[in-house]
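Predicted coordinates and the sequence they were generated for:
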Amino acid sequence: MHAKPTFDDAVVHRRIDASEWRGIYVIGDVHGCRATLDRLLERLDPAEADLLVFVGDLVRKGPDSQGVVERVRQMDNAVSVLGNNEAKVLRGDKTLPELTDADHDYIESMPVVLSWEDSMAVHGGIDHRKSLANHSREDLLNMRSLTDSGGYTRPYWFEQRRERPRVFFGHTVLAHPFETDCAVGLDTGCVYGGQLTAYDCTRAEFIAVDPVETHVSRSEDSIVEPTPGFECLAD
């Protein structure tokens, strides 16, 4: 049996009992691309006994944030962690007037971390140089680079991670999905013309669909071509 990860009391963490589900799919950043999400869900064709875990950033940049939040919150077999863009909406830094009261309530209910067995989902990432308990909410929402400057500067945390639990994440826009035994990156930039990507935990494989259309342009220097990560250290 895997121990439940321990975080600071200010970090909302929800533990999932994987035995209650036939399978688990983890889905990358949707960013308001409802039509592309519908295309992916049609491709996955999940049963009611399959759990869908979203890595946050359901909202902003794409054309239908309200439609995405409504679709996810109305599925009994779907959960999402909080993304940095949902956090911006909650703080009032960004406004989405189309969201309903039910949508806002759903966003406010999102945990910062979801975990199951020896895996977890966060939006940003985990810094292996410090304990989980020493991560702030903002760390988990925004983690990307291990440099003091942050942003899109190597080394990235996921390319350096060598320990369990395995971390599923979004936030960093990738040219293609990233996978090691220690980290799985799923933000392949569907709002920027990349694919929307999911990971089937049962079959250990990626499933992706092309976007219906490109909604936002993005410079190539802020789309990461991931390098192979390290093998995980033995437990």
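Alright, I've got the coordinates. Just so it is clear, the structure is predicted and the values come from calculations on it, not from any experiment.

Excluding sequence neighbours, find me the nearest residue to the residue positioned nearest the centre of the chain.
Residue closest to the mean C-alpha point of the chain, counted by Cα atoms, centre = their mean, is residue 55 at 1.9 Å. For residue 55, ignoring the flanking residues on the chain, the nearest one in space by Cβ to Cβ, 6 or more residues apart in numbering is residue 170 at 3.8 Å. In this view, the C-beta of every residue, glycine as well, is placed from N, C-alpha and C.

Can you name the residues that contact the residue nearest to the centre of the chain?
Residues near residue 55 by Cβ atoms under 8 Å, 6 or more residues apart in numbering: 26-29, 80-81, 83, 121-123, 168-171, 186-187.

same check, this time on residue 178
158-159, 184-185, 226, 229.

Among those, show me the least confident.
Ranked by pLDDT, the contacts of residue 178 bottom out at residue 229 (71).

Can you get me a residue count around that residue?
Around residue 229 there are 19 other residues, counting by other Cβ atoms under 10 Å.

For it, identify the helix or strand it belongs to.
Assessed by DSSP states H and E, residue 229 sits outside every helix and strand.

Does it touch residue 155 like I think?
No: the criterion here is Cβ atoms under 8 Å, and residue 229 misses it with residue 155 at 10.6 Å.

Tally up the residues packed near residue 223, please.
Neighbours of residue 223 (other Cβ under 10 Å): 19.

For residue 16, see how far away it is.
31 Å (Cβ to Cβ, to the nearest Å).

Out of the contacts of residue 178, list just those in strands.
184-185 (DSSP state E).
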